[in-house]
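[1] One predicted model, sequence on top.
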Amino acid sequence: MIKKQLLHPSIISMVILVFFFGNSCGLLGEEDEKPKDLIPLETGNYWDYHRWYISPNIADTIREEILSKHTFLIDGQQENVYGYQRFYLTEDKSEIEYQWLRMNDDEGSHIMGGISVADTLIQKNVYYKHPESVGQSWDFFAVSYNFDSNTFSIRDTITIEVISLNDSFETEFASYDNCYVYRYSEIGQGDGVFHWHHYVYIKPDIGIVGVETRDFLGSEDYENNPRVTGQYILIDRNLN
């Protein structure tokens, strides 16, 4: 069953924390006919990340992989949509029970919903746009998966903002220059108060090369000196 959500065309959006990778992130040259894919989609593509949270000494390796290809009728046209999932390298990917869906077009990289044995949610929702200027922003809807019913649902709205058109991501494991940088935030309430900004570094035709989480309430001078509380660092990839 396909559940189709009707949204205002200026927002058509949705979500998932996920991350993906190329060779150049700068502005397009005059001879380029169209933007390069921010995240290249092809079955078998994968990205391996060194991931830590809270302490750099507690880390693991995560793989994000394109596992399947589907064709859906979207806005009156047949479109290729790819299923992907994130898992530990020690996991058996054949046991994955659901996949998130994504698609590329001239607007950018879209999160399209999800597919499982019990449910399919198709919702065109631009996640990372080809940036036009620093400060450009848009909304998308977060999507969640229910492990008990194997179904998908739309949660809340998250705002993505372009922070830089040409930045670098440098760590002891890898360094990447000339990247687009996108930011979205999380704000906790009650006893679990936090205010995190997630900075996503993307190189077109490679994908997400790094994600850095910064806690703006974690230091005395948090406005000017936020505390880094987590990182995703691209350490290996296979792109078909």
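    Here it is on my side, so go on. Residues are numbered from 1 along each chain as shown.
[2] And the strands in this protein, which stretches?
    2-4, 46-53, 55-74, 77-88, 98-105, 108-116, 120-122, 126-129, 137-146, 151-170, 175-187, 195-203, 207-215, 227-238 (DSSP state E).
[3] Mind checking those strands for the one nearest to Pro40?
    Proximity to Pro40 (CB to CB) singles out strand 207-215 among the strands of the chain, at 6.5 Å. Where you see a C-beta, it was placed from the backbone N, CA and C, and this is true even at glycine.
[4] Tell me the helices and strands packed up against the closest one.
    Other elements packing on strand 207-215 under the criterion 3 or more CB pairs under 8 Å, 6 or more residues apart in numbering; DSSP states H and E are strand 46-53, strand 151-170, strand 175-187, strand 195-203, strand 227-238.
[5] List the buried residues for that strand?
    Within strand 207-215, the residues scored as buried using 16 or more other CB atoms under 10 Å are Gly207, Ile208, Val209, Gly210, Val211, Glu212, Thr213, Arg214, Asp215.
[6] now, which of these sits nearest Pro131?
    Nearest to Pro131 among the buried residues of strand 207-215, counting by CB to CB, is Ile208 at 14.3 Å.
[7] picking that back up, can you list the helices and strands packed on strand 207-215 in TSV and add distance to Asn80 and mean neighbour count?
    Output for the helices and strands packed on strand 207-215, formatted as TSV (distance: least, CB to CB, whole Å; neighbours: other CB atoms under 10 Å):
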stretch	distance to Asn80	mean neighbour count
strand 46-53	18	20
strand 151-170	20	16
strand 175-187	23	18
strand 195-203	21	21
strand 227-238	19	18
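[8] Cheers, nothing more for now.
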